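Chemist: Sequence and predicted model, in that order:
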Amino acid sequence: MTVSLVSRRGRQLQRYNNLGHRQVVGCIPYRFKDGEDGDITDELEVLVITSQKGRAQGLMFPKGGWEVDESLEQAALRESIEEAGVLGNVERELGEWNFLSKSQGTLYEGYMFPLLVKEQLEVWPEKYVRQRIWMSFEEAREVCCHWWMKEALDILLARLTSAMDQNEEEENVSYCSLG
């Protein structure tokens with residue numbers, strides 16, 4: 001995959017819903033640490049980034065405008081590359097939220113996706129204006145500055161926990177049928 005080292009600029013390609021609210025899309029980049037204990041919250045790490053104004057403005061997940069020439073999933077991946085410098089698999093949507101922009105004072109419609117990180121780039125478009133920080137689910141929930149992103153994080157954890165529980169049950173059934 002070819003990665004552009006320049007972020008898209010301007011709002012001429014931005015999407016707006018039928019009420020005139022700007023549509024934004026983001027990802028929760030995550031990975032699993034090599035863990036021994038099997039507890040998902042100990043193995044799961046998520047990537048948060050600083051705003052362009054720095055850490056004092058709070059930490060968040062990569063997000064930005066959904067543009068007319070891309071799907072939601074393509075926009076989510078593009079924002080993750082531009083803002084956090086990570087590539088991976090965009091998974092099933094976590095949900096849709098309506099929220100008020102603190103800086104603009106306008107309503108937005110936001111979509112969030114999980115992104116299972118496969119590669120972390122050394123150089124990315126916003127490397128010099130953002131910091132990226134891997135942390136535990138609990139730490140990310142505490143420091144994330146947007147309520148709607150915290151809700152998306154809760155949905156992701158529930159989804160991953162459910163999938164791991166289901167895998168364990170299937171492994172136990174397979175083991176029992178072999179014995």
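Modeler: Looks like it arrived, so ask away. Numbering: from 1, shown residues only.
Chemist: Let's verify E138: helix, strand, or coil?
Modeler: Judged by DSSP: H, G, I helix; E, B strand; the rest coil, the three-state class of E138 is helix.
Chemist: Spit out the contact partners of I133.
Modeler: By C-beta atoms under 8 Å, 6 or more residues apart in numbering, I133 lies in contact with L47, V48, I49, T50, L59. All C-beta atoms are positioned from the backbone trio N, CA, C, and that covers glycine.
Chemist: And the pLDDT at the third one?
Modeler: Read that as I49. Note for I49: predicted pLDDT of 97.
Chemist: residues contacting it?
Modeler: I49 is in contact with L59, M60, F61, P62, E83, A84, R130, Q131, R132, I133, counting by C-beta under 8 Å, 6+ apart.
Chemist: if you set the cut-off to 6 Å instead, what comes out?
Modeler: For I49, the contact set (C-beta atoms under 6 Å, 6 or more residues apart in numbering) comprises P62, E83, A84, R130, R132.
Chemist: The contacts of I133: which two are farthest apart?
Modeler: Using C-beta to C-beta, the pair of the contacts of I133 lying farthest apart is L47 and T50, separated by 11.5 Å.
Chemist: With neighbour numbers in mind, choose between these two.
Modeler: More crowded of L47 and T50, by other C-beta atoms under 10 Å: L47, with 23 against 19.
Chemist: pretty sure that one contacts S136?
Modeler: No: using C-beta atoms under 6 Å, L47 is not in contact with S136; the gap is 11.5 Å.
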